[in-house]
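1. Return atomic coordinates for the entry below.
(one chain, ligands or ions: 1)
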Amino acid sequence: MLKEPVEEALNEQINAELYSEYVYLSMSAFYEEEGLPGFASWMRAQADEEHAHAMRIYDFVIERDGRVTLTSIDSPPTEWSTPTDAFKEAYEHEVEITEMIDDLVALARDENDNATENMLQWFVAEQVEEEATAQHILDKLKHVGDDGTGLLMIDQELGQRGDTGGNPGGPGGDASDSTVE
Ligand code: OFO
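-> Below you'll find the predicted structure:
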């Protein structure tokens, strides 16, 4: 049984994960427009992963006899000045998500809700990977700068990311994966 404050916060996190899906899909569309199919494909796989994150919490709420309440999803940004700017925003977005997960863990502890805290530990590990991966790609982009050849090389590399098919346990879909770097 979920206590009300925890149920409310988990519903907010479902919304945040669906918003993340929207952000990455929007970035994917931006990269398609920029003629960078590898970046676009990487962002699309990331959007699938975010959907799986939302469903992971969705399923947990139901399993704990809580009520999932879906609310409207904000519009994502749609334009960025450069390919690097979009990735910078992706990294900053993940840092914000990490803070949300940390706040959720703190709330679960305050409410003595061990089941929720245990479920959230998967997200704690996932966020370490999400931040590190985005940071790693961003570092490469900063080295490359405006060099078109370097950008195309990174594009080719990112295009090799496996599609998770929305499965958090699949290739490219969990904290143990390293194919996206
Ligand atoms: Fe990108 O992270 Fe979800 O949780």
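2. Where does residue 57 sit, in terms of helix or strand?
-> Assigned by DSSP states H and E, residue 57 falls within helix 37-63.
3. phi, psi of residue 79?
-> Here is the backbone geometry of residue 79 (degrees, to the nearest 10): phi -130, psi 140.
4. neighbours around it, how many?
-> 9 (other Cβ atoms under 10 Å). Yep, even glycine has a C-beta here, placed from its N, CA and C like the rest.
5. just residue 107 next, same as before
-> Residues near residue 107, counting by other Cβ under 10 Å, number 19.
6. again, but for residue 150
-> 14.
7. Help me see whether stretch 89-98 makes contact with the ligand, please.
-> Yes. Using Cβ under 6 Å from any ligand atom, stretch 89-98 reaches the ligand at 94, 97.
8. mind checking how far that stretch is from the chain centre?
-> 8 Å (Cα atoms, centre = their mean, to the nearest Å).
9. quick one: residue 42 and residue 110, what's the gap?
-> Distance, residue 42 to residue 110, by Cβ to Cβ, to the nearest Å: 37 Å.
10. Low-confidence stretches in the chain?
-> The chain contains residues with pLDDT under 70 at 162-181.
11. For whichever residue of the chain sits closest to the ligand, which residues are in contact?
-> Nearest residue of the chain to the ligand: residue 53, at 3.8 Å (Cβ to the nearest ligand atom). Residues in contact with residue 53 (Cβ atoms under 8 Å, 6 or more residues apart in numbering) are 17, 20, 123, 126, 168.
12. Return the residues of this protein in contact with the ligand.
-> Counting by Cβ under 6 Å from any ligand atom, the residues of the chain close to the ligand are 17, 20, 50, 53, 94, 97, 123, 126, 130.
13. make it 5 Å
-> Listed as neighbours of the ligand in the chain under the rule Cβ under 5 Å from any ligand atom: 53, 97, 130.
14. host element of the nearest residue to residue 60 once chain neighbours are set aside?
-> Distances taken as Cβ to Cβ, 6 or more residues apart in numbering put residue 119 closest to residue 60, at 5.1 Å, once the chain neighbours are dropped. Assigned by DSSP H and E, residue 119 belongs to helix 114-144.
15. cool, and residue 78?
-> Using DSSP H and E, no helix or strand contains residue 78.
16. Am I right that it is in contact with residue 27?
-> No. Using Cβ atoms under 8 Å, residue 78 is not in contact with residue 27, being 9.2 Å away.
17. Show me the residue at the heart of the protein, geometrically.
-> Closest to where the C-alpha atoms of the chain average out (Cα atoms, centre = their mean) is residue 50, at 4.7 Å.
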